[in-house]
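Novice: kindly generate the corresponding structure for this input.
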Amino acid sequence: MSPESKKLFNIIILGVSFMFIFTAFQTCGNIAQTVITNLNNTDFHGSGYTSMSIIYGVFSASNLISPSVVAVVGPQLSMVVSGIFYSLYIAVFIQPATWAFYTASVFIGIAAAVLWTAQGNCLTVNSDENTIGRNSGVFWALLQSSLFFGNLYIYFAWQGKTRISESDRRTVFIALTVISLVGTVLFFLIRKQEDTKAPGEEDSANEILGDSSSAQNKMMRAVAAFKKSIRLSFTKEILLLSVTTAYTGLELTFFSGVYGTCIGAVNRFGSEEKSLIGLSGIFIGVGEILGGGVFGLLSKNNRFGRNPVVMLGIVIHFIAFYLIFFNMPNDAPIAPMEGTDDAAYMIPSKEVAIFCSFLLGLGDSCFNTQLLSILGFLYSEDSAPAFAIFKFVQSICAAVAYFYSNYLLLQWQLLIMVVVGFFGTITFFTVEWEAAAALAARGSDYSSI
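Specialist: Down below sits the predicted model:
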């Protein structure tokens with residue numbers, strides 16, 4: 001197998017592994033609050049929103065040390081161990097206990113930081129400036145396929161149900177746990193890259209992916225990775241991109257946890273309200289896959305760079321927020337187990353609700369494929385620290401959003417996303433224009449990024 005074929009093979013395996021793990025985890029996150037409100041066990045007092053807030057809060061803090069962990073352990077083993085913790089979190093729902101639920105939330109937050117830092121490093125090492133756009137799209141499309149499969153099962157299994165029984169819950173979460181473990185095992189198929197550099201010549205990526213067997217160098221790599229994370233945090237480009245990244249954290253919380261709960265709480269949707277949660281997740285996934293395919297795989301033909309894709313993403317999201325504001329009751333995110341009988345500015349429409357799910361997924365893919373692409377381009381030699389900072393900002397904003405989702409009405413959650421999304425788009429444009437100027441100064445074709 002040629003080096004290029006091996007790199008593409010690694011990207012595909014990486015994407016398929018994440019597809020399995022996040023088929024389980026994203027489906028879990030989408031239905032968690034609905035399942036919890038239907039628990040018959042009065043000894044359980046957990047909240048899906050609070051759990052996600054803990055996960056992303058710990059996730060954000062753990063990103064400060066995750067490059068060091070990946071440097072010492074290596075990306076492949078880091079992803080395997082992290083995948084095991086994802087599986088344990090999902091397994092908690094088989095027989096929920098409040099202490100286990102929140103304890104697992106802490107551990108999966110740590111695991112997520114290590115997993116995504118290793119993923120960003122693996123993506124960058126298996127790409128160059130000519131293939132980073134394509135590879136980001138391939139990975140993103142495979143990853144977001146996860147939204148399709150798990151939610152398809154939820155749609156058919158929960159058809160016509162107004163309450164989720166203990167048997168329904170256990171069946172779903174046993175299946176999701178097994179799916180997550182399959183994805184974890186697949187990480188072993190990723191092949192190491194051969195060192196093609198001259199003796200003594202190293203870049204940051206190879207430091208992370210290189211042979212970790214030398215105990216003498218492990219601490220040096222860990223300290224170096226931590227120092228690079230701190231140094232990069234204060235660069236102009238990272239600070240500007242942090243606003244864009246903050247927006248992706250807020251809208252990630254909304255489409256992955258809050259919006260499905262809103263749909264499941266609208267009594268005017270009738271007996272389909274619970275199964276519509278699954279259908280919503282499917283159409284979010286369709287939007288994500290379409291965006292990943294179009295804006296990632298076809299990036300070679302994009303002679304205008306990343307800005308038009310990000311502009312399209314924010315326009316799509318603003319349209320979705322406008323329709324959701326008119327279609328969904330204002331108290332839907334914090335409705336009790338009985339749901340809400342309120343209406344917004346129109347009679348709640350299932351078709352509009354599902355169409356908005358598609359728009360949320362499509363807009364999210366616009367932002368994330370371009371953020372992955374520009375980070376891989378700007379920081380090809382500092383990939384692990386750069387992606388750790390990206391996930392740090394995204395996850396801390398997701399944690400904040402999950403926290404306020406316990407209390408804020410829908411209109412205020414939408415307003416926050418509109419404001420942050422507007423400024424995040426402007427800051428992304430600024431960084432992209434500077435990247436284009438730098439590329440032109442090197443004499444490279446702008447369409448290659």
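Novice: for the rest of this, base every contact and every neighbour count on C-alpha atoms.
Specialist: Will do.
Novice: and Ile230, how far from Pro385?
Specialist: Separation of Ile230 from Pro385 (C-alpha to C-alpha, to the nearest Å) stands at 8 Å.
Novice: for the two, work out which one has more neighbours and name it.
Specialist: Between Ile230 and Pro385, counting by other C-alpha atoms under 10 Å, Pro385 is the more crowded of the two (32 against 14).
Novice: got a pLDDT number for the more buried one?
Specialist: On pLDDT, Pro385 comes in at 77.
Novice: can you list the weak-confidence ranges in the stretch 251-400 of the chain?
Specialist: 273, 296-304, 337, 384 (pLDDT under 70).
Novice: give the burial count for Asn406, as a bare number.
Specialist: Using other C-alpha under 10 Å, Asn406 has 16 other residues around it.
Novice: again with Phe9
Specialist: Counted with other C-alpha under 10 Å, Phe9 comes out at 17.
Novice: contacting residues around it?
Specialist: Contacts for Phe9 (C-alpha atoms under 8 Å, 6 or more residues apart in numbering) come out as Ile190.
Novice: quick check: buried residues in the biggest helix by length in the chain?
Specialist: In the chain, with assignment by DSSP state H, the single longest helix is helix 3-37. Buried residues in helix 3-37, counted by 16 or more other C-alpha atoms under 10 Å: 6-37.
Novice: need the distance between the two termini of stretch 138-150.
Specialist: 20 Å.
Novice: what mean pLDDT does it get?
Specialist: Average pLDDT, stretch 138-150: 80.
Novice: now that stretch, how far from the centre of its chain.
Specialist: 11 Å (C-alpha atoms, centre = their mean, to the nearest Å).
Novice: go ahead and name everything in contact with that stretch.
Specialist: By C-alpha under 8 Å, 6+ apart, stretch 138-150 touches 11-12, 14-16, 18-24, 26-27, 176, 278, 281-286, 288-293, 296-297, 365, 369.
Novice: go again with 7 Å.
Specialist: Under the criterion C-alpha atoms under 7 Å, 6 or more residues apart in numbering, residues 11-12, 15-16, 18-20, 22-24, 26-27, 281-282, 284-285, 288-289, 292-293, 296-297, 369 lie in contact with stretch 138-150.
Novice: what do you get for stretch 152-171?
Specialist: With C-alpha under 7 Å, 6+ apart, stretch 152-171 has contacts from 35, 38, 94, 271-272, 274-276, 278-279, 282.
Novice: what would those look like in JSON lines with secondary structure and distance to Gln119?
Specialist: Formatted as JSON lines, the contacts of stretch 152-171 follow (DSSP: H, G, I helix; E, B strand; the rest coil; distance: C-alpha to C-alpha, whole Å):
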{"residue": "Val35", "secondary structure": "helix", "distance to Gln119": "30"}
{"residue": "Asn38", "secondary structure": "coil", "distance to Gln119": "35"}
{"residue": "Ile94", "secondary structure": "helix", "distance to Gln119": "28"}
{"residue": "Ser271", "secondary structure": "helix", "distance to Gln119": "41"}
{"residue": "Glu272", "secondary structure": "helix", "distance to Gln119": "37"}
{"residue": "Lys274", "secondary structure": "coil", "distance to Gln119": "33"}
{"residue": "Ser275", "secondary structure": "helix", "distance to Gln119": "33"}
{"residue": "Leu276", "secondary structure": "helix", "distance to Gln119": "32"}
{"residue": "Gly278", "secondary structure": "helix", "distance to Gln119": "27"}
{"residue": "Leu279", "secondary structure": "helix", "distance to Gln119": "29"}
{"residue": "Ile282", "secondary structure": "helix", "distance to Gln119": "24"}
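Novice: can I get these in CSV with distance to Tyr402?
Specialist: Shown next, in CSV, are the contacts of stretch 152-171 (distance: C-alpha to C-alpha, whole Å):
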residue, distance to Tyr402
Val35, 17
Asn38, 20
Ile94, 23
Ser271, 27
Glu272, 26
Lys274, 21
Ser275, 23
Leu276, 21
Gly278, 20
Leu279, 22
Ile282, 22
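Novice: wait, which of these is closest to Val418?
Specialist: Comparing those against Val418 with C-alpha to C-alpha places Ile282 closest, at 24.1 Å.
Novice: name the nearest residue to that closest one, ignoring sequence neighbours.
Specialist: Phe148 (4.4 Å; C-alpha to C-alpha, 6 or more residues apart in numbering).
Novice: and Phe44, by the same measure?
Specialist: With C-alpha to C-alpha, 6+ apart, the residue lying closest to Phe44 is Thr98, at 5.4 Å.
Novice: okay, now the one you found: neighbour count?
Specialist: Thr98: 14 neighbours (other C-alpha under 10 Å).
Novice: check contacts around it.
Specialist: Contacts of Thr98 (C-alpha under 7 Å, 6+ apart): 44-46.
Novice: could you say which of those is surrounded by the most neighbours?
Specialist: Gly46 (18 neighbours).
Novice: now the contacts of Thr98 as TSV including pLDDT and distance to Ala224?
Specialist: Formatted as TSV, these follow (pLDDT from 0 to 100; distance: C-alpha to C-alpha, whole Å):
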residue	pLDDT	distance to Ala224
Phe44	77	44
His45	79	43
Gly46	79	40
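Novice: from Phe283, how far off is His317?
Specialist: Counting by C-alpha to C-alpha - His317 and Phe283 are separated by 14 Å.
Novice: how about Leu77, phi and psi?
Specialist: Recorded main-chain torsions at Leu77 are phi -70, psi -30, according to degrees, to the nearest 10.
Novice: who does the helix or strand following the longest helix of the chain touch, helix- and strand-wise?
Specialist: With elements assigned by DSSP states H and E, the helix or strand that comes after helix 3-37 is helix 48-62. Applying 3 or more C-alpha pairs under 7 Å, 6 or more residues apart in numbering; DSSP states H and E, one finds that helix 48-62 makes contact with helix 3-37, helix 98-125, helix 383-404.
Novice: relative to the whole chain's centre, how far out is the shortest one?
Specialist: Just to be clear, that refers to helix 383-404. 10 Å.
Novice: just want the angle from that helix to helix 48-62.
Specialist: 150 degrees (axes from the mean of the first three to the mean of the last three C-alpha atoms, to 10 degrees).
Novice: what angle separates the helix or strand just after helix 383-404 from helix 383-404?
Specialist: Sequence-wise, the next helix or strand downstream of helix 383-404 (DSSP H and E) is helix 410-441. When the same axes, to 10 degrees is applied, the directions of helix 410-441 and helix 383-404 differ by 170 degrees.
Novice: how far is helix 410-441 from where the chain is centred?
Specialist: The chain centre lies 18 Å from the centre of helix 410-441; the measure is C-alpha atoms, centre = their mean.
Novice: for the record, mean pLDDT for that helix?
Specialist: 88.
Novice: what about the residue nearest to Gly376 when sequence neighbours are not counted, how many residues nearby?
Specialist: Nearest residue to Gly376 in three dimensions, chain neighbours excluded: Thr124, at 5.8 Å (C-alpha to C-alpha, 6+ apart). The tally of other residues near Thr124 (other C-alpha under 10 Å) stands at 29.
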